[in-house]
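J.: Sequence and predicted structure, then a few things I'm wondering about:
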Amino acid sequence: MLVAAAVCPCPPLLVPEVAAGAAPEMDAARAACADALAVLAAARPDRLMVVGPAGEAGRGPYPEGTPGSFRGFGVDVDVRLGRREPPPSALDRTAPERELPASLAVAAWLLARADWAEAPVEGLGVGEPLEAERCVRAGREIVAPDQRVALLVMGDASACRTLKAPGYLDERAAGFDAEVARALGSADVPALKALDTALAFELKASGRAPWQVLAGAAEHTDLEGTLLYDEAPYGVGYLVATWS
């Protein structure tokens, strides 16, 4: 049973060492993420599942204790998913240890700074092109009737809000982001399921697939949504919301 969810953006710029001199520009987003994680902790789940977008090599499950880093962004910052080491059976010790994709590394960084409960943590990297039906099915499979499950859902809205945005300016971006913000802020499961997959791809909205995983997990619940943050400081839509 899904008892709570937090939706956060996943730009590495949330990590101050990555943002460097621009770090203060993300202070409000970091504070909103911290508030969202506090809602998860207050729900006292039996298990936390962290879901985020991933490239082809980063898709699939990640056990608690999986490492990640921001060295690819030029800073010597390492993270680990959760507080426990992964069980010996979870990793192939004959192969190099698999690292978290960037979205889950950002989640691990946020969790390390939160007053998080001792519930086990798992990660799931979701391919950004994954069809809506498969995303919803994955969400259904995450929840179990005999467990109190919480979700930390990572992902950005469109990257086309301004001329200097990564995807340049697209006039459709503001409307798309506004509908996503409304759906996340009101825990509107049908609206998330109905997001236009092709449009999300064209607008470079990395959160589309993870949001639809959330929709599948939240079916048949009566959770209420709250929108905590809705800004596009770099032409990319960053949203923070809670469902509880």
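T.: Here it is on my side, so go on.
J.: drop to CA atoms for contacts and neighbour counts, all remaining ones
T.: Noted.
J.: in the lowest-mean-pLDDT helix or strand in the chain, what counts as buried?
T.: Across the helices and strands of the chain, the lowest-confidence element by mean pLDDT, DSSP states H and E is helix 16-19, at a mean of 94. Applying a neighbour-count criterion of 16 or more other CA atoms under 10 Å, one finds 16-19 buried in helix 16-19.
J.: ditto for stretch 125-140
T.: Along stretch 125-140, the positions that meet the burial threshold by neighbour count (16+ other CA under 10 Å) are 125-129, 132, 135-136, 138-140.
J.: any chance of those in JSON lines, plus secondary structure and pLDDT?
T.: Compiled in JSON lines, the buried residues of stretch 125-140 are given as follows (DSSP: H, G, I helix; E, B strand; the rest coil; pLDDT from 0 to 100):
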{"residue": "Gly125", "secondary structure": "strand", "pLDDT": "98"}
{"residue": "Val126", "secondary structure": "strand", "pLDDT": "97"}
{"residue": "Gly127", "secondary structure": "strand", "pLDDT": "94"}
{"residue": "Glu128", "secondary structure": "coil", "pLDDT": "87"}
{"residue": "Pro129", "secondary structure": "coil", "pLDDT": "90"}
{"residue": "Ala132", "secondary structure": "helix", "pLDDT": "97"}
{"residue": "Cys135", "secondary structure": "helix", "pLDDT": "98"}
{"residue": "Val136", "secondary structure": "helix", "pLDDT": "98"}
{"residue": "Ala138", "secondary structure": "helix", "pLDDT": "97"}
{"residue": "Gly139", "secondary structure": "helix", "pLDDT": "98"}
{"residue": "Arg140", "secondary structure": "helix", "pLDDT": "97"}
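J.: Show the model's pLDDT score for the residue nearest in space to the middle of the chain.
T.: For the chain, the residue nearest the mean C-alpha position is Met154 (0.9 Å; CA atoms, centre = their mean). According to the predicted model, the pLDDT of Met154 comes to 98.
J.: residues contacting it?
T.: With contacts defined as CA atoms under 8 Å, 6 or more residues apart in numbering, the neighbours of Met154 are 7-10, 50-53, 103-104, 107, 207, 210.
J.: List the backbone torsions phi and psi for Trp243.
T.: Taking degrees, to the nearest 10, you get phi -120, psi 130 for the backbone angles of Trp243.
J.: heads up, I number from 816, so please use that
T.: Yep, numbering from 816; the last one is Trp1058 now.
J.: Pull the number of nearby residues for the spatially closest residue to it that is not a sequence neighbour.
T.: In this structure, Trp1058 finds its nearest non-sequential neighbour in Gly1040, 4.4 Å apart by CA to CA, 6 or more residues apart in numbering. Using other CA atoms under 10 Å, Gly1040 has 20 neighbouring residues.
J.: follow-up on the earlier one: among the contacts of Met969, which are in helices?
T.: Among the contacts of Met969, the ones falling in helices (DSSP state H) are 918-919, 922, 1025.
J.: Fine by me, thanks again.
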